[in-house]
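Peer 1: One predicted model, sequence on top.
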Amino acid sequence: MSSHLGTGAEATPVTPPGRGRHTTPDGSPDTPDTPGTPDPVRGSGRLGSVFWASVGVAAIFVAWATVFTGNLNRVTSASLNWVTSTFGWAFLVVTLGILLFLVVLAFSPVGNLRLGKESDRPEFTTPAWFAMLLGAVMGIGLISYGVAEPISHLTAPPHGLAEPNTPEAAVRALQYSYFDWGLHAWAVFAVFGLAIAYSTYRKGRRPLVSQLFVPLLGDRVNGPVGKVIDVLAVFATLFGTATSLGLGALQINNGMGRLFGVPVNSVAQVVIIAAVTAVFTLSAVTGINKGIKALSFTSGFLAIAMLLFMLVVGPTVFIANLYTESIGLWATDFVRMSLQGTAFGGLEWMQWWTYFMLAWWVSWGAFVGIFLARISRGRTIRGFILGVLTVPSVAFFTWFTVFGGSAIHVDLNRGGDIAEQTAADFGNAFFATLEHFPLATVTSGAAVLLALIFFVTSADSNTYVLGSMTSDGSLNPTRPVLVLWGVLTGVTAVALMLADGLNALQNTVIVTSLPFLVIIAALAVSFWKELRADREADLAAGRLAVPHPPARAEATPPAPHTGPTDSAAQAHPTDQADPAAQADPTDQAAQADPTDRKEKTDVTP
């Protein structure tokens with residue numbers, strides 16, 4: 001999973017350089033700019049207890065993984081078994097609950113509220129915003145799991161729901177791939193993005209996870225409790241990103257091994273992580289992020305080109321039929337899949353797939369949420385939720401069907417061995433599939449380049465987010481802080497890779513994400529409480545129109561016509577429907593606002 005906080009679509013910052021103020025579409029500031037007073041939205045940039053605690057514990061963990069590797073593996077394995085057997089159900093219930101909460105919000109009256117002032121309008125047109133959402137989903141997971149998960153489920157169907165290597169298993173394979181990479185994942189990201197955008201743009205708070213709990217905790221968010229929340233957010237982000245770096249290294253190493261004969265081993269993977277860490281850290285501290293932005297758009301175009309190529313040269317009709325049947329089964333079984341636990345076994349399978357995936361999404365919640373908030377100011381809550389839940393999910397479903405479906409077709413109908421190669425090395429799956437289609441060398445080279453771009457751009461963005469979260473929410477973390485987090489991210493990934501490879505990455509993500517799962521559940525409660533309080537305050541102040549019941553025509557017979565004033569007397573102003581209630585201008589489509597085309601925003605904080 002990766003998220004590009006900076007993309008090439010934006011050229012003009014939303015705020016002026018230096019001090020910086022948020023402005024309304026007409027250019028007037030919406031936050032105070034008193035000299036010597038830090039902008040509350042931007043944070044002070046000071047390094048406090050969150051920074052020192054986060055760095056200290058991260059350093060201790062890296063030392064533990066390096067010096068006492070065996071002990072780390074034993075502890076994380078035991079912790080994994082305890083967490084998943086005892087609290088695995090919580091990952092299912094909380095993520096489904098958040099999804100339902102978002103659906104209720106979208107279709108409730110608060111869905112009309114804007115993420116910002118009511119006069120704000122989106123800085124990006126809807127098509128551009130959708131493109132950025134797709135940029136957010138274009139992650140290393142597409143290469144790592146786009147073939148590996150469906151082909152693995154083909155040979156070992158989830159929960160024994162089909163016989164291995166059968167047409168029924170093929171449909172189940174994609175059905176569960178959709179579940180792992182669809183609505184539940186984006187519900188986690190959406191609730192974070194929604195809460196951060198509302199808190200920052202509408203309430204003027206600092207962009208910190210702790211600030212989202214003001215409705216529940218009040219001023220205590222600025223004390224020890226708030227610090228603990230921010231530290232947990234830092235660790236969830238750190239280990240989620242380290243997992244992505246490890247997966248990226250596996251993919252790049254396998255691709256280079258096939259193309260150039262590079263040995264596929266831990267030494268090569270460490271070298272890859274070290275080289276990429278140097279690149280994204282240099283980008284973060286030297287300001288060469290224009291190149292990173294260009295790479296972000298390059299990755300999007302390259303991914304679309306590969307998708308269309310495979311759709312044309314692959315088994316197109318088979319893919320179309322498999323897509324429709326798998327979507328139907330996914331929709332039919334959605335509730336069952338969302339709540340299927342391990343009461344009667346299957347813990348190991350859930351640890352490897354469902355629990356790991358849900359934990360990975362939880363660990364990326366704050367990171368991707370910040371990205372979504374940065375590009376969504378001025379949108380309505382309803383538009384934000386519907387866009388974030390549907391567009392990325394459809395993109396993932398399509399990618400998994402085209403590439404995973406092609407691999408399934410090769411193994412079922414052409415005597416392929418993609419499943420065997422995947423079982424031998426998880427990183428083989430994508431490249432083994434490409435070898436069965438034309439221009440395999442070219443497409444494999446493109447896949448390596450795509451994985452590399454995803455690797456660099458996600459880590460570059462991660463360095464910024466970690467720097468901001470440990471600098472009191474500052475949008476301009478200092479260079480030493482960025483360097484430190486860049487190095488710590490790379491070192492953490494290396495330490496886990498050397499400890500036990502992919503197993504260590506997965507175990508650590510699941511264990512460290514459990515406390516953050518509690519935070520996400522509480523965040524949803526806090527956000528709902530704030531929405532209700534704000535709506536009640538608006539109603540009390542008369543800022544929201546309350547429609548009057550229609551007057552009964554038979555109650556008052558029409559008076560004889562005597563003059564032009566009689567028509568007004570027959571219809572008292574209070575009996576007319578409030579124009580604001582009939583057509584709230586804030587509910588109109590954003591494309592009518594000229595700022596959608598004239599103003600562009602630098603979503604790189």
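Peer 2: Ah, there it is.

Peer 1: I'd say Val391 and Ala131 touch.
Peer 2: No: in this structure, Val391 is not within contact of Ala131 by Cβ atoms under 8 Å, at 9.5 Å. Backbone N, C-alpha and C define where each C-beta goes, glycine included.

Peer 1: List the residues that are in contact with both of these two.
Peer 2: Listed as contacting both Val391 and Ala131 by Cβ atoms under 8 Å, 6 or more residues apart in numbering is no residue at all.

Peer 1: Pro167: neighbouring residues, count only.
Peer 2: Neighbourhood size, Pro167 [other Cβ atoms under 10 Å]: 13.

Peer 1: ok, now which ones touch the closest residue to it other than its chain neighbours?
Peer 2: Of all residues not flanking Pro167 in the chain, Leu412 sits nearest, at 7.4 Å (Cβ to Cβ, 6 or more residues apart in numbering). Contact analysis of Leu412 by Cβ under 8 Å, 6+ apart lists 154, 165, 167, 170.

Peer 1: Wait, a helix at the second one?
Peer 2: Spelled out, it's Asn165. No: applying DSSP: H, G, I helix; E, B strand; the rest coil, one finds Asn165 to be coil, outside a helix.

Peer 1: Does it touch Leu154 like I think?
Peer 2: Yes: at 6.2 Å, Asn165 and Leu154 qualify as touching, with contact defined as Cβ under 8 Å.

Peer 1: Between those two, tell me which one has more neighbours.
Peer 2: A direct count of neighbours by other Cβ under 10 Å for Asn165 and Leu154 places Leu154 higher, at 26 against 15.

Peer 1: quick one: secondary structure of that one?
Peer 2: On the basis of three-state DSSP, Leu154 is classed as helix.

Peer 1: For it, list the residues it contacts.
Peer 2: 164-165, 169-170, 173, 408, 411-412, 419.

Peer 1: can you rerun that using 7 Å?
Peer 2: Counting by Cβ atoms under 7 Å, 6 or more residues apart in numbering, Leu154 touches 165, 169-170, 173, 408, 411, 419.

Peer 1: Distance check, it against Phe430.
Peer 2: 15 Å (Cβ to Cβ, to the nearest Å).

Peer 1: from memory Pro207 sits against Ala197, does it?
Peer 2: No: with contact defined as Cβ atoms under 7 Å, Pro207 does not reach Ala197; the gap is 9.3 Å.

Peer 1: Could you report the pLDDT at the residue nearest to Pro167?
Peer 2: What the model reports for Leu412 is a pLDDT of 97.

Peer 1: what about the spatially closest residue to Leu452 that is not a sequence neighbour, helix or strand, and which?
Peer 2: Residue nearest to Leu452 in three dimensions, not counting chain neighbours: Ile252, with 5.9 Å by Cβ to Cβ, 6+ apart. Ile252 belongs to helix 224-260 when assigned by DSSP states H and E.

Peer 1: That helix: which residues count as buried?
Peer 2: Burial within helix 224-260, assessed by neighbour count using 16 or more other Cβ atoms under 10 Å, is assigned to 226-258.

Peer 1: and what of stretch 102-119?
Peer 2: 102, 105-106, 110-111, 113-117.

Peer 1: For Ala78, state which of those residues is nearest.
Peer 2: When the buried residues of stretch 102-119 are compared for distance to Ala78 (Cβ to Cβ), Leu102 comes out closest, at 35.0 Å.

Peer 1: Go ahead and confirm the closest one touches Gly193.
Peer 2: No: under the criterion of Cβ under 7 Å, Leu102 makes no contact with Gly193, lying 10.6 Å away.

Peer 1: which stretches of the stretch 351-500 of the chain form helices?
Peer 2: Per DSSP state H, counting those that start in this stretch, the stretch 351-500 of the chain carries helices over the ranges 354-363, 365-374, 381-399, 405-413, 418-424, 429-434, 440-469, 479-541.

Peer 1: Can you tell me which of the ones you listed is nearest to Leu282?
Peer 2: Using Cβ to Cβ and comparing the helices of the stretch 351-500 of the chain, the one that lies nearest Leu282 is helix 479-541, at 8.5 Å.

Peer 1: pLDDT weak spots in the stretch 401-550 of the chain?
Peer 2: Along the stretch 401-550 of the chain, segments meeting pLDDT under 70 span 543-550.

Peer 1: what's the helix or strand harbouring Ser299 packed up against?
Peer 2: According to DSSP H and E, Ser299 maps onto helix 289-313. Secondary-structure packing of helix 289-313 (3 or more Cβ pairs under 7 Å, 6 or more residues apart in numbering; DSSP states H and E): helix 126-137, helix 440-469.

Peer 1: quick one: buried residues of the last one?
Peer 2: Of the residues in helix 440-469, those scored as buried under the neighbour-count criterion (16+ other Cβ under 10 Å) are 443-469.

Peer 1: May I have the phi/psi pair for Pro157?
Peer 2: Backbone dihedrals for Pro157, given as degrees, to the nearest 10, come out at phi -60, psi 140.

Peer 1: Any regions of the chain where pLDDT drops low?
Peer 2: Applying pLDDT under 70 to the chain picks out residues 1-45, 135-138, 286-294, 296, 543-605.

Peer 1: on that earlier part again, how about the helices of the stretch 351-500 of the chain in TSV, adding distance to Phe318?
Peer 2: Listed next are the helices of the stretch 351-500 of the chain as TSV, based on distance: least, Cβ to Cβ, whole Å:
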stretch	distance to Phe318
helix 354-363	26
helix 365-374	33
helix 381-399	15
helix 405-413	5
helix 418-424	15
helix 429-434	14
helix 440-469	19
helix 479-541	30
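
Peer 1: Which of those helices sits closest to Glu123?
Peer 2: Between Glu123 and these, the shortest gap by Cβ to Cβ is with helix 365-374, which sits at 9.8 Å.

Peer 1: just checking, what packs against that closest one?
Peer 2: The contact analysis (3+ Cβ pairs under 7 Å, 6+ apart) places helix 365-374 against helix 183-197, helix 224-260, helix 440-469.

Peer 1: Let's see that with 10 Å instead.
Peer 2: Under the contact criterion of 3 or more Cβ pairs under 10 Å, 6 or more residues apart in numbering; DSSP states H and E, helix 365-374 touches helix 126-137, helix 183-197, helix 224-260, helix 381-399, helix 440-469, helix 479-541.

Peer 1: how about these, which one is nearest Ser266?
Peer 2: Smallest distance to Ser266 across the helices and strands packed on helix 365-374 (Cβ to Cβ): 6.0 Å, for helix 479-541.

Peer 1: tell me the angle that closest one makes with helix 183-197.
Peer 2: Helix 479-541 runs at 80 degrees relative to helix 183-197, counting by axes from the mean of the first three to the mean of the last three Cα atoms, to 10 degrees.

Peer 1: now helix 479-541 and helix 365-374, what's the angle there?
Peer 2: 70 degrees.

Peer 1: that older thread, quick check, the residue nearest to Leu452 in contact with Ala451.
Peer 2: Yes: the criterion here is Cβ atoms under 10 Å, and Ile252 meets it with Ala451 at 5.2 Å.

Peer 1: tell me, what's touching those two both at once?
Peer 2: Common neighbours of Ile252 and Ala451, counting by Cβ atoms under 10 Å, 6 or more residues apart in numbering, are 140, 143, 272, 427.

Peer 1: Pick the one among those residues closest to Asp219.
Peer 2: Distance to Asp219, by Cβ to Cβ, is smallest for Ile140 among these, at 40.3 Å.

Peer 1: and that closest one, what is it in contact with?
Peer 2: By Cβ under 10 Å, 6+ apart, the neighbours of Ile140 are 1-2, 243-252, 450-455, 457-459.

Peer 1: change it to 7 Å
Peer 2: Neighbouring residues of Ile140 by Cβ under 7 Å, 6+ apart: 2, 244, 247-248, 251, 451, 454-455, 458.

Peer 1: Equivalent analysis for Thr66, please.
Peer 2: Residues near Thr66 by Cβ under 7 Å, 6+ apart: Ala495.

Peer 1: likewise Ser152?
Peer 2: By Cβ under 7 Å, 6+ apart, Ser152 lies in contact with Thr422.

Peer 1: Let's see that with 10 Å instead.
Peer 2: 145, 158, 173, 176-177, 352-353, 404, 419, 422-423, 426, 429.
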